Every structure is written in C-alpha cells, then in structure tokens.
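In: would you be able to build a 3D model of this:
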Amino acid sequence: MPDNVGYTPGSGAAVACDEVTYSGDVTKVQLVRLVHVSGAEGSKTLSELSTNPLPTYHADPSVGTAFGPITAPSTVLFTAIDTANEETIQLQLTGLWSGGIGLEASMDGTTWFACAAQSTNADNTLVDTIFSPDRFVVQVVARYFRAVTAPTFKGTVSGTYALRSSKSPINRTDSYLIDADPGLKMPVSGTSPAGYITPIAVSPGGGVVPADGTVFQGSRNPATVGPILIVDTTGYGTVLLQLQGTFTGTITFQVSNDLTSWTNAYAWPTAGGASPTSTATAVGQWVIPAAGRYFRAQVTTAGTGIPIAIAVLKNFSAFFPASNPVVTIQTNAAINMAQFGGQAVVNGGVNGVQSVGGNIAVGAAPTAHPVPVGGWDGTNTRRILTDASSGGVVLGSSTVTNGQTLGRGNQNVTTPASISIKAGAGRLTMLNVSNAGTVAAFLHIFNATAVTLGGTTDVQCYAIPGAVGNFMIPLPDGGMYFSTGIAAAFTAGSANNDNTTFGSAPTLILNFAFI
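Out: Below is the predicted model:
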C-alpha cells in the first residue's frame, strides 16, 4: 500500500491508505497526517504536532489570586502579572486608605506606564488611580500588569485578581473626542441611573463642585491605636461625623495637609449646648470644619469594643458655635457693664478699663461722661491732654513749658568743661547754641550722669561754625531719649572722647530743654 500521495499529470493519483477490518469487512481507509505549516511564503516547512503544536488557550481560573494586606507606600500589591493570551484582568480591592493606588502596564516588565480601569458598577469613568474599595475591569494593553501604592499612601488594602481570555462583560472604554469651539458655551451633563439628565455643578469661578453628601465609613478595634477612617476633603468645606457602636477609649478628630503631620480639629456637637471639642469617648454627631486637605478620626487611647465612624462631606462651609450664643441688644437699651474682658470697668483711680463718654474741661474731675485717656501712675490718674484749638497732644503738664525744664551752659575759657543737663534718664527736647568767636567748636552730647573729658565717649557730636548766633540743632519729634543721664561739653576737636583745648578763650552758649 502506498504511504504517500503520488500524482502524474494526465493519470490517476495514488492515495495513501490502509486496510482496516470493521464489522467483519476489510476496507481501505485513507491515511491523513496532521502537520503544522510554518515559515515564509516560498520556504514553508511542515512539522509534526508533537514537535510544533498548535497554539492553545488556557482555561480561565474559577477562583482569583488573593493578596494583602498592604500598608506601606510605594509598594507593589502583587507580583507583576504576565497577561500573554489574556484579554482582561478583573481586580477587586478592599480596605480603607488615602493617597491612591496606581495601575501600571509594561511590555518588558521594567519600564512601567499608567493604564486605565473601569468600575463594574454604574460608573462610566476610566481611572488610572483608585482611591476607594471597588471591583474593576482592566483591558490588557501590554504584556505585564501590576498595581502600586502611591508615595502618600496611608491605610490598608487587600484584594483579589483574576485573568480572563474574553473581552470585558461591560465595555465602556471607547471614547470619541471632538473639536470644541472655545467660544461655545456647552453644558456638560450625563444621564443618571434613573434616566434623568444631571448636569455637572460648577462654581462661579468655573471650577467643578464635588458631589455633595459623599459618604465614607470605617471601623477599628480600639485595642490598638490607629485611624478609624481617613478622608480627602479637597473641594469640601465641612465634615459631618457620626460615631456609633459600643466601645470605650478616646477618639481624636484631626486634620492634615500631608498625611504626616496631624493637628487636632475642633468639632461642634450637633445636639448643641456644649463647647467645641477635639475628642470623643461616646457615640454622637459632630460638625467639623474641613481645616486641612485630609481629615481622620483616630483612636488615641485604646479601649474595648468596635467604634464605627460615618463621615459625610458637604460642599458648604459650616460653623456650629453651639457654645457661643448670639446676644441681641434692643435699640437704645441701657447696658451696665461691670467687667470688660475680665477687667473691672471704673472711672479712674484704680486698675481697670476706663469708662467712655463725652468732653470734659482740662483739669476737671472725671464726672458725667468722661473721656480721659491715660492710666494709673501709682498715685494719681494721669490723662493725655490736648490743645483746645489745634487738637494736638500737649506734652507734660498744662504750664507754659509743657512739663519741660529749661537751662543753659557756657564755655568761656580755653580748657573744656562738661555741662550737666540731667542727672538721670530723660528726654532732650531742645538744643540751641551761639558762637561769638570766629573759630569753629564742637558740641558733644553724652548719655551719662558724670563726664570725664578725654575718657567718656559721646553719643552725639555737632560742628558749631564761628560767628553764629541762636543756631537751633534739630532733634527728632518727641525729643531724644537718654537712658542714664544727659550731659554736654564744647571742645576744639571732633573725636568722640575729645578734650582738645581752645587756642583762645571762646564765647560759647548752650540753651537746652529736657523732660
């Protein structure tokens, strides 16, 4: 019997066959050999299936591969998956975290890029970062796939993944982009599960307003200190928190901008009638301003039982000062205040807050609506006086000198000598000099009660030209203050400890005033 096919043009063909006995009859059966054809056109080769089998697809697993719990940032949730011959990856994540979990794909298992996933619930949005528990379908776009916690990750995540050789049962990944006219005002909206068209809310500035009333829930065994829940409050103004369950221990309300440094946050009980607090030891409800990007309810003192925290994020900024009632004052009502800011309200003579009223004459007793501004010097009530015509502040007393002391000093010999103005701390308010000679002199001012010329260092020095009379030296507004004493001297030199004598006796006069 032939074991191959032979063929000569114009004649019959020899077909490979064999004799087979079937039901007592002997019949010839054609032999067929299955081979695998490979290679380019013109150079194809035939291979036995035993050495070059046909490609096959594996059966989808009925149970997914579990992983976690993962608690560290920048950590791969599971070993990179080889998705050869696969169409989709089904991923389920459970737990509570903040900071996000990124989805990544790679062709070589070394260089990774973000890839998108889609929730299996009614959400049509494709995401490459996951912030809350859910079940997702990931379309295979490269050879390998993995999921990684973000550098800012805080919390715990566990889950399961499974490979599927078929397309996603929900295929909403196709998107079509169109050119938009920048001058066209085009509302953005969508259809809700109930069939209603729902627009996207925007602020007056054009920013998208987050969905109002977003709910988060968490629980924790207080036997260990740690967060019950952590939520990102970006775009929200208020956290409405409810604690329930049976538990003991202390729960602290905290806010943070970086998930590392946490600060206690004030919370107002919705029941009212109580002061704001940063901690709770029993069930209740609180209104908490979103004072940071993140909010958490943290077990800070271990106890027993399991507390459950439910947080609702609201768009509005709430302030609930239950402990600060608003006081309404009737029009023209008479109010008698005994204290202001914890200080007694008095009319003068003792420590306290001065009463406020109308004008009084200078020097008159503070009666009938006084408006003295001053304080108690230990002996009397001192008030700031003003000029009746100009309204300017009058220095010192009401005398002609305004509380100043006037004086003068001379230098009429060749050897310089010091001039004592005040033997204690004071304020120099006027300097006036005259030089009847033709040679210049120097006026030195000292912050001292006693001066040794040539040893004591001056604090001011003024050049006095010759043949000048009534030369006024300008001083700062309010005068020049000296902490120790006030003294002066004329010398022939400008060094700050000068005692140079004059060549001939000068005629120098210093007029001054001080307080």
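
In: where does the closest residue to residue 282 other than its chain neighbours land in three-state SS?
Out: Leaving aside its chain neighbours, residue 282 sits nearest to residue 243 (7.6 Å; criterion: C-beta to C-beta, 6 or more residues apart in numbering). Where you see a C-beta, it was placed from the backbone N, CA and C, and this is true even at glycine. Classification of residue 243 by DSSP: H, G, I helix; E, B strand; the rest coil places it in strand.

In: and residue 243, what does it touch?
Out: 251, 280, 282, 283, 284, 285, 297, 307, 308, 309 (C-beta atoms under 8 Å, 6 or more residues apart in numbering).

In: now do residue 245
Out: 219, 283, 305, 306, 307, 308 are the contacts of residue 245 under C-beta under 8 Å, 6+ apart.

In: just residue 419 next, same as before
Out: For residue 419, the contact set (C-beta under 8 Å, 6+ apart) comprises 409, 411, 487, 488, 489, 510.

In: report all helices and strands that the helix or strand hosting the first one contacts.
Out: In this structure, residue 409 is located in strand 405-411 according to DSSP states H and E. Helices and strands touching strand 405-411, as assessed by 3 or more C-beta pairs under 8 Å, 6 or more residues apart in numbering; DSSP states H and E, comprise strand 418-422, strand 486-491, strand 508-514.

In: out of those strands, which comes closest to residue 155?
Out: strand 486-491 (71.2 Å; C-beta to C-beta).

In: next one: residue 304 from residue 296, what distance?
Out: Taking C-beta to C-beta, to the nearest Å as the measure, residue 304 falls 21 Å from residue 296.

In: looking at the two, which one has more neighbours?
Out: Taking other C-beta atoms under 10 Å, residue 304 and residue 296 do not tie; residue 296 has more neighbours (26 against 11).

In: distance of the more buried one from residue 315?
Out: In this view, residue 296 and residue 315 are 20 Å apart by C-beta to C-beta.

In: re earlier: any idea which of the helices and strands packed on strand 405-411 is most buried?
Out: Of all the helices and strands packed on strand 405-411, strand 486-491 carries the top mean neighbour count, a mean of 24, counting by mean count of other C-beta atoms under 10 Å.

In: just give the strands next to that strand in its sheet, each with its orientation.
Out: Sheet partners assigned to strand 486-491 using DSSP bridges are listed as strand 418-422 (antiparallel), strand 441-446 (antiparallel).

In: make CSV out of the helices and strands packed on strand 405-411 and add distance to residue 105 and mean pLDDT.
Out: What follows is the helices and strands packed on strand 405-411, written out as CSV (distance: least, C-beta to C-beta, whole Å; pLDDT from 0 to 100):
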stretch, distance to residue 105, mean pLDDT
strand 418-422, 87, 94
strand 486-491, 85, 96
strand 508-514, 86, 93
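
In: rebuild those as CSV, extending it with distance to residue 469.
Out: Shown next, in CSV, are the helices and strands packed on strand 405-411 (distance: least, C-beta to C-beta, whole Å):
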stretch, distance to residue 469
strand 418-422, 19
strand 486-491, 15
strand 508-514, 9
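
In: by mean pLDDT, which helix or strand of the chain comes out lowest?
Out: Across the helices and strands of the chain, mean pLDDT, DSSP states H and E gives its lowest value to strand 353-354, namely a mean of 52.

In: so the nearest residue to residue 455 once chain neighbours are set aside is in which element?
Out: Excluding its sequence neighbours, the residue lying closest to residue 455 (C-beta to C-beta, 6+ apart) is residue 497, at 6.2 Å. Under the criterion DSSP H and E, no helix or strand holds residue 497.

In: and for the one 5 residues further on?
Out: Using DSSP H and E, residue 502 falls within no helix or strand.

In: go on, residue 255?
Out: Taking DSSP H and E as the criterion, residue 255 maps to strand 250-256.

In: quick one: residues contacting residue 159.
Out: Counted by C-beta under 8 Å, 6+ apart, residue 159 has contacts 66, 67, 68, 77, 91, 92, 93, 94, 95.

In: what's the neighbour count on the closest residue to residue 225 other than its chain neighbours?
Out: Spatial nearest neighbour of residue 225, excluding adjacent residues (C-beta to C-beta, 6+ apart): residue 299 at 5.3 Å. Counted with other C-beta under 10 Å, the neighbours of residue 299 add up to 22.

In: any idea how far residue 222 is from residue 299?
Out: Note on residue 299: its distance to residue 222, by C-beta to C-beta, is 5 Å.
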